[in-house]
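# The following block contains a protein sequence and its predicted model.
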Amino acid sequence: MLKPQRSSAVILGAQWGDEGKGKIVDVLSERFDVVARYAGGHNAGHTVIIEGKKFVLQLIPCGVLRPDCIGVIGNGVVLDPAAFLGEVKKLREAGLPVDQRLFVSDRAQVILPYHRMIELAAETAPGRTPIGTTRRGIGPAYEDKIHRNGLRVVDLLNSSLLRTHIQNACHEKNTIAHALFGTEPLDPRAMYDEYARLAEQVAPFVTDTATLLNEAIEAGKKVMFEGAQGALLDIDHGTYPFVTSSSSTAGGAVTGTGVGPTRIGTVIGVTKAYVTRVGEGPFPTEIHNDTGDLIRARGQEYGAVTGRPRRCGWLDLPLLRYSNQINGTEWLVVTKMDVMDACAEIPVCTSYEVDGHTTDRIPADIRGFRSIKPVYTTLKGWNESTEGITEYDRLPAAAREYLSFIERESHARIGMISTGPDRTQTILLPDFEAALQA
Ligand code: IMP
């Protein structure tokens with residue numbers, strides 16, 4: 001009989017992505033034996049700074065930056081083999097071993113060049129609402145998965161199947177892209193040659209990762225499920241259609257790895273001390289004045305994958321409560337606290353006003369966001385540097401009040417605070433540390 005083993009944790013973005021999960025996963029991975037990605041692909045951009053050296057990982061879980069941690073790319077991920085091998089090369093060049101330490105699910109779906117072709121054409125086609133995607137082919141790859149027409153990693157390794165798949169898929173996608181968008185066709189032969197070569201290099205990493213993870217848990221190892229993007233970009237629960245195409249919420253950790261919910265102990269949500277969003281879509285607390293520019297500059301709010309400037313706004317508690325609810329978030333990590341050092345006052349949205357009524361319901365219909373007027377409570381800023389502070393008691397009183405307010409209003413406990421990009425610029429609260437050790 002399976003023993004419930006509850007020392008594993010999901011860690012995910014509580015907002016629209018870019019909450020600084022990379023650093024947090026890196027810091028916490030010291031306490032875990034395995035770190036597994038469960039959704040998304042190389043649309044994620046996880047930046048980790050170790051002793052001044054910057055690592056940006058898009059596909060490979062950040063846990064691999066600790067040499068004693070195993071990294072897993074679960075079945076819920078869409079894998080671009082070239083992007084994967086590019087990151088493997090970067091890690092090797094940095095002296096980080098990956099052999100027998102990094103594993104790719106045989107059931108993960110593969111992104112192929114025609115996915116990017118379709119996405120690029122669709123995003124720019126007249127009459128289509130652009131989502132502002134990362135243009136990595138993520139959506140079309142998930143479309144093929146759900147359409148039962150995708151290529152999985154196990155199929156990538158089977159050369160005759162790969163050849164037939166590419167021939168058929170190119171015929172179909174070239175026809176569609178040409179008819180709808182006038183796109184030039186892709187050459188299936190060249191594609192097969194390239195992907196057969198990539199397959200050989202990916203092969204040593206491929207395994208049945210669901211079995212690997214379940215056996216690890218059975219053996220008492222601790223697994224961290226590393227979310228990508230953020231809860232509000234989730235295909236079911238996010239601000240649809242301005243979302244990504246995967247289950248970025250905690251539920252995705254189960255379907256995206258093959259580990260059952262009884263074996264996951266806790267959910268940790270990462271939120272910035274404010275909010276950002278890249279791409280299109282609703283954003284009730286977006287700041288449209290110089291303060292937004294100041295936060296963007298201080299927080300270096302430019303996309304790690306696309307370099308796009310991020311939209312900036314005040315913390316939105318109705319959205320944070322919603323995120324905590326759909327994820328079952330127990331602990332919160334608050335990042336980029338130091339970015340707020342420059343604000344004399346910090347408005348926080350506590351509810352919405354819609355047609356004269358106060359609510360904190362998140363509308364299902366995107367049009368519902370248009371009538372939202374955020375209701376703010378303004379908290380005092382602290383006007384002094386919190387950068388690099390590592391002890392909670394050293395934070396200015398107003399900063400502690402800001403955090404207590406978030407905790408009270410969001411229905412989750414704050415376990416960790418980030419005061420700068422480096423591993424060391426972190427406050428870990430004792431109850432959180434104890435909970436992770438339990
Ligand atoms: P896609 O995931 O490339 O299909 O893009 C869909 C939406 O999700 C776009 O608004 C992207 O900007 C957003 N998105 C995807 N990945 C990330 C991420 O890692 N951080 C922030 N936004 C993301």
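Received it, and whenever you're ready, just let me know what you need.
# ok, which stretches of this structure are helices?
21-28, 81-93, 113-124, 138-146, 153-156, 159-181, 188-202, 209-218, 251-255, 290-298, 317-327, 397-410, 430-437 (DSSP state H).
# Which among those helices is found nearest to residue 358?
Of all the helices of the chain, it is helix 317-327 that lies closest to residue 358, at 10.4 Å by C-beta to C-beta. Glycine gets a C-beta too; all of them are placed from N, C-alpha and C.
# and that closest one with helix 397-410, angle?
For helix 317-327 against helix 397-410, the angle by axes from the mean of the first three to the mean of the last three C-alpha atoms, to 10 degrees is 50 degrees.
# In terms of secondary structure, what does helix 317-327 contact?
Applying 3 or more C-beta pairs under 8 Å, 6 or more residues apart in numbering; DSSP states H and E, we find helix 317-327 packed against strand 266-272, strand 345-354, helix 397-410.
# For the ligand, which of the ones you listed is the nearest?
strand 266-272 (11.8 Å; C-beta to the nearest ligand atom).
# I'd like to know which elements the closest one is packed against.
In this structure, strand 266-272 makes packing contacts with strand 9-13, helix 21-28, helix 317-327, strand 331-335, judged by 3+ C-beta pairs under 8 Å, 6+ apart.
# and if we set it to 10 Å?
Contacts defined by 3 or more C-beta pairs under 10 Å, 6 or more residues apart in numbering; DSSP states H and E place strand 266-272 against strand 9-13, helix 21-28, strand 223-226, helix 317-327, strand 331-335, helix 397-410, strand 413-418, helix 430-437.
# Tell me the gap between the third one and the middle of its chain.
Chain-centre distance of strand 223-226: 12 Å, with C-alpha atoms, centre = their mean, to the nearest Å.
# now swap in stretch 26-34 and tell me
Worked out by C-alpha atoms, centre = their mean, stretch 26-34 lies 17 Å from the chain centre.
# again with stretch 289-301
On C-alpha atoms, centre = their mean, the centre of stretch 289-301 falls 22 Å from that of its chain.
# Check whether that stretch comes near the ligand.
No. Stretch 289-301 is not in contact with the ligand by C-beta under 6 Å from any ligand atom; minimum separation 10.8 Å.
# Residue 144 touches residue 168, doesn't it?
No. Look at residue 144 against residue 168 with C-beta atoms under 10 Å: they stay out of range, at 11.6 Å.
# Pull the contacting residues for the residue in the chain that the ligand sits nearest to.
Scanning the chain for the residue nearest the ligand gives residue 279, at 2.2 Å (criterion: C-beta to the nearest ligand atom). For residue 279, the contact set (C-beta atoms under 10 Å, 6 or more residues apart in numbering) comprises 16-17, 130-134, 233, 242-244, 303, 306, 308, 310-311.
# In PyMOL, select just the buried ones from those.
Selection of the buried residues among those in PyMOL, burial being defined by 16 or more other C-beta atoms under 10 Å:
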select buried, resi 16+17+131+133+134+233+242+243+244+303+310+311
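# out of the contacts of residue 279, who's near the ligand?
Here is what survives when these are matched to the ligand using C-beta under 6 Å from any ligand atom: 16, 17, 131, 132, 133, 134, 233, 242, 244.
# Contact partners for the nearest residue to residue 120 once chain neighbours are set aside?
Using C-beta to C-beta, 6 or more residues apart in numbering and skipping residues adjacent in sequence, the residue nearest residue 120 is residue 135, 6.0 Å away. Shown in contact with residue 135 (C-beta under 10 Å, 6+ apart): 43, 116, 119, 120, 123, 124, 305, 306.
# For the last one, give its distance to residue 283.
In other words, residue 306. Look at residue 306 and residue 283: by C-beta to C-beta, to the nearest Å, they are 17 Å apart.
# For residue 13, give the beta-bridge partners.
For residue 13, the residues forming beta bridges with it (DSSP bridges) are residue 270.
# Near it, how many other residues are there?
Using other C-beta atoms under 10 Å, residue 13 is surrounded by 28 other residues.
# do residue 264 as well
When neighbours are defined as other C-beta under 10 Å, residue 264 has 23 of them.
# So it sits against residue 222, correct?
No. Between residue 264 and residue 222 there is no contact under C-beta under 10 Å: 11.0 Å.
# Mind pulling the model confidence for residue 4?
Per-residue confidence (pLDDT) for residue 4: 60.
# got it, and residue 430?
At residue 430, the predicted lDDT confidence score is 96.
# per-residue confidence at the closest residue to residue 301 other than its chain neighbours?
Distance criterion C-beta to C-beta, 6+ apart; nearest residue to residue 301, sequence neighbours excluded, is residue 310 at 3.9 Å. Residue 310 carries a pLDDT value of 95.
# my guess is residue 310 contacts residue 296, does it?
Yes. The pair residue 310 and residue 296 passes the contact test of C-beta under 10 Å, sitting 6.6 Å apart.
# hey, what's in contact with both of those two?
When C-beta under 10 Å, 6+ apart defines a contact, the residues bordering residue 310 and residue 296 alike are 276, 302.
# quick revisit: what's the spacing between the residue nearest to residue 301 and residue 23?
For residue 310, the distance to residue 23 - C-beta to C-beta - is 16 Å.
# List the buried residues in stretch 62-71.
Neighbour counts over stretch 62-71 (16+ other C-beta under 10 Å) mark 62, 63, 64, 65, 66, 69, 70, 71 as buried.
# ok, so of the residues you listed, who is nearest residue 87?
When the buried residues of stretch 62-71 are ranked by distance to residue 87 (C-beta to C-beta), residue 64 comes first, at 9.2 Å.
# where does the residue found closest to that closest one once you drop the neighbours it is linked to in the chain land on pLDDT?
Among residues not flanking residue 64 along the chain, residue 71 sits closest, at 3.9 Å (C-beta to C-beta, 6+ apart). Predicted confidence (pLDDT) at residue 71: the value is 97.
# Residue 71: what's it in contact with?
Shown in contact with residue 71 (C-beta under 10 Å, 6+ apart): 29, 34-37, 57, 60-65, 91, 98, 101-104, 205, 226.
# try 7 Å
Residues near residue 71 by C-beta atoms under 7 Å, 6 or more residues apart in numbering: 35, 60, 61, 63, 64, 101, 102.
# Worst mean pLDDT across the helices and strands of this structure, which element?
When the helices and strands of the chain are compared on mean pLDDT, DSSP states H and E, strand 46-50 comes out lowest with a mean of 81.
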